[in-house]
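S.K.: generate a structure from the sequence data that follows.
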Amino acid sequence: MYIIYSTEHEDIPEPKTVEFVLGMRLIRGQFFFLSYRQRPSDHKDGRAFSSRREATKDKMSCLKCLKYTMCVVNFIFFLCGAAIFGLGIYISTTTKYLTFFPSLSIVNLASALFVIGIFVTSVSFLGFLGALKENRCLLISFFILLFLLMLAELTVACLLLFYETDIDNYIGKELKDSMQKSTGGGNNTSIDWNMIQNTFECCGVNNFTDWDGTKIPSSCCKTEPCTSYWKEGCYLKLKNWFETNLLGTGIAVIVICSIEVLGMCFSMTLFCHISKSGLGYK
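M.R.: Model (predicted):
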């Protein structure tokens, strides 16, 4: 088979067509000619197809970038949930410092942390799987659950600010009740109070008079033999300590909220990208 270019002019203007004449030699020496006309628009169509193919490649690259970024974000989110779950295990196996709150049930607190930890890890796994499998149903479910989690956190923060005075009074009352249970020494409450008073150089809840009616422990003494007591209460000292470390707490809260916001943004962006591309599972 060979190709014969049948043209009458050397320079053919672009609007004209180019005729390709295909000749095929038969056994008897005869030729059959088959012509094919190629329009200039065919070249343009080819260039358009190439452009569309490049655009598709760019979309796929963007999709992969979103997928793996969301997987990393959900992995960090998963670690946060695992840390909460681990804290619940720690609280369920120890009573350290919980003796300061007699009315607070260790079982209830540990159970609450278990539930929160499992919920957070489940949501993060849902987002990870939805991004990896490009499943729009999982992605939108992840977005809704994460949005509800942020609403719950915002509600708790608002309640803490609104009932700040009531919470303050509750903590003071709980600390005084725990002081009454620490009399006699040797129990966990007495050990915890002695450690707090030695560490923060304080005495009682508000001052040393809170030990009225009971023997003031030696951990309240400034010197040995005991001639004077620490005048500041432990509750005020603890509040000051928390305020001093408020920056670290604030950074931790901001990091957690940022991870949640990024997770929501990435999930919705990935959802829309998959929907427009017509890719992934529904």
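
S.K.: next structured bit after the strand or helix carrying residue 72?
M.R.: Assigned by DSSP states H and E, residue 72 falls within helix 40-93. Counting by DSSP H and E, the next helix or strand C-terminal to helix 40-93 is helix 106-133.

S.K.: that next one - contacts with which helices or strands?
M.R.: Helix 106-133 sits against helix 40-93, helix 136-162, helix 246-277, with contacts defined as 3 or more C-beta pairs under 8 Å, 6 or more residues apart in numbering; DSSP states H and E. All C-beta atoms are positioned from the backbone trio N, CA, C, and that covers glycine.

S.K.: least reliable of those helices going by mean pLDDT?
M.R.: Lowest mean pLDDT of the helices and strands packed on helix 106-133: helix 40-93, a mean of 72.

S.K.: ok, residue 139 touching residue 132?
M.R.: No - taking C-beta atoms under 8 Å as the definition, residue 139 is not a contact partner of residue 132, at 10.7 Å.

S.K.: give me the more crowded residue out of the two.
M.R.: Between residue 139 and residue 132, counted using other C-beta atoms under 10 Å, residue 139 has the larger neighbour count: 27 against 14.

S.K.: roughly how far apart are residue 190 and residue 196?
M.R.: 11 Å (C-beta to C-beta, to the nearest Å).

S.K.: name the residues contacting each of these two.
M.R.: Jointly contacting residue 190 and residue 196 under the rule C-beta atoms under 8 Å, 6 or more residues apart in numbering is no residue at all.

S.K.: can I get the helices and strands packed on helix 106-133 in CSV including distance to residue 173?
M.R.: Shown next, in CSV, are the helices and strands packed on helix 106-133 (distance: least, C-beta to C-beta, whole Å):
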stretch, distance to residue 173
helix 40-93, 22
helix 136-162, 18
helix 246-277, 24
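
S.K.: from residue 220, how far out is the nearest residue to residue 122 once chain neighbours are set aside?
M.R.: Closest residue to residue 122 apart from its sequence neighbours, by C-beta to C-beta, 6 or more residues apart in numbering: residue 81 at 7.9 Å. Distance of residue 81 to residue 220, computed by C-beta to C-beta: 41 Å.

S.K.: higher neighbour count, those two?
M.R.: residue 220 (24 against 19).

S.K.: residues near the closest residue in space to that one that isn't next to it in sequence, how many?
M.R.: Spatially, and ignoring its direct neighbours in sequence, residue 220 is nearest to residue 203 (3.7 Å; C-beta to C-beta, 6+ apart). Summarising burial for residue 203: neighbours were counted as other C-beta under 10 Å, giving 27.
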